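> model the structure of this input:
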Amino acid sequence: MTEIIIVKSQEEAGEIYARCTADLIRRKPDCVLGLATGSSPLAAYKALADLVHKEGIDVSQVRGFALDEYAGLDPAHPQSYRSTIDRTVVEPLGLDPAKVRVPNGNLDTIKDAGRVYDQAIEDAGGVDLQILGIGTDGHIGFNEPGSSLASGTRIKTLTEQTRIDNARFFDNDMDQVPTHCITQGIGTILKARQLVLLAFGAGKAEAVAESVEGGISSFCPASALQMHPHATVIVDEAAASRLRNRDYYKWAYANKPDWQSI
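Purely as a prediction, here's the structure:
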């Protein structure tokens, strides 16, 4: 069963992710981190950066692969995921930018970009720890409802709801929000050795409940995490409000052995 951790705040969730990731980097200095954008991971990245600097953790060999990128958006655009990853992860942690890759959204080469990206992940030895957010419709990455649970990295058409949700990053101007993206597929994501999904706020409650306690279905892409051998979902009280077994999840985490990390 997917591990469910219910926390009081995004900061607490971030500290849990940061400790897990910092320990991974110490064990495996050239580990491969799966990186996501959006608002959910921000507290986690901040907590990890604080821990890296506080404990003097060497991150010079750490590698990274981003989940997705807008198609046709200049990587230098402030809302491209290349720029976002650099701003929220690479710079605060002090990672080597050359070791962090983002899917290539160039329209001239996008036909083969998915295959090239999946091969690059495989050549790197696979992702050790993938951080994820979740959309209000249950999407992870840009795998919208109906996406194949065996899919690899590919180009996708964004739903109108996702474009509406992301318009806040483009001055609330829908005309600026791209209609296509290139994203790791569900099948690619599930190959990571460990998954950590973060969700906060009442607006994510239904998607979290469907993902964790509903059936496994392509119409709730995040439900595929139920099939992963090492997946953890960290949510605040509001995002957990629709979970039927939330009292058990709290009990299980409170009684987790000290030696067992997420």
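
> only C-alpha atoms from now on, for both contacts and neighbour counts.
Will do.

> how many neighbours does residue 7 have?
Residue 7 is flanked by 19 other residues according to other Cα atoms under 10 Å.

> just residue 165 next, same as before
14.

> where does it fall, secondary structure wise?
In this structure, residue 165 is located in helix 160-166 according to DSSP states H and E.

> avg pLDDT for that helix?
Helix 160-166 comes out with an average pLDDT of 85.

> can you give me the end-to-end span of stretch 222-239?
From its first residue to its last, stretch 222-239 covers 14 Å (Cα to Cα, to the nearest Å).

> can you give me the buried ones in stretch 157-168?
Of the residues in stretch 157-168, those buried by neighbour count under the rule 16 or more other Cα atoms under 10 Å are 158, 162, 163, 166, 167.

> what's the helix holding residue 165 in contact with?
By Cα atoms under 8 Å, 6 or more residues apart in numbering, the list of residues contacting helix 160-166 from outside reads 135, 174, 177, 178, 179.

> can you check stretch 100-111 too?
Contacts made with stretch 100-111 from outside it, assessed by Cα under 8 Å, 6+ apart, are listed as 63-74, 81-82, 90, 113-114, 117, 155, 181-183.

> now the terminal residues of it, how far apart.
Stretch 100-111 has an end-to-end distance of 22 Å (criterion: Cα to Cα).

> what sits against residue 207?
Listed by Cα under 8 Å, 6+ apart, the contact set of residue 207 reads 134, 135, 136, 137, 138, 220.

> the fifth one falls within a helix, correct?
No - membership of residue 138 in a helix is not supported by DSSP: H, G, I helix; E, B strand; the rest coil, which gives coil.

> what about it, neighbour count?
Applying the criterion other Cα under 10 Å, we find 24 residues in the vicinity of residue 138.

> distance check, it against residue 87.
When distance is defined by Cα to Cα, residue 138 is 26 Å away from residue 87.

> tell me how far residue 139 lies from residue 179.
Distance of residue 139 to residue 179, computed by Cα to Cα: 16 Å.

> same check, this time on residue 102
In this structure, residue 102 and residue 179 are separated by 18 Å, where distance is defined by Cα to Cα.

> could you do residue 129 as well?
Summarising the geometry, the distance separating residue 129 from residue 179, computed by Cα to Cα, is 29 Å.

> now residue 64
With distances taken as Cα to Cα, residue 64 is found 26 Å from residue 179.

> next one: residue 207
As judged by Cα to Cα, residue 207 and residue 179 stand 23 Å apart.

> and stretch 225-243, how far from the chain's centre?
A distance of 13 Å separates the centroid of the chain from that of stretch 225-243, by Cα atoms, centre = their mean, to the nearest Å.

> pull up the distance across it, start to finish.
According to Cα to Cα, stretch 225-243 extends 16 Å from its N-terminal end residue to its C-terminal end residue.

> and it, what's buried?
Neighbour-count burial for stretch 225-243 [16+ other Cα under 10 Å]: 225-226, 228, 230-243.
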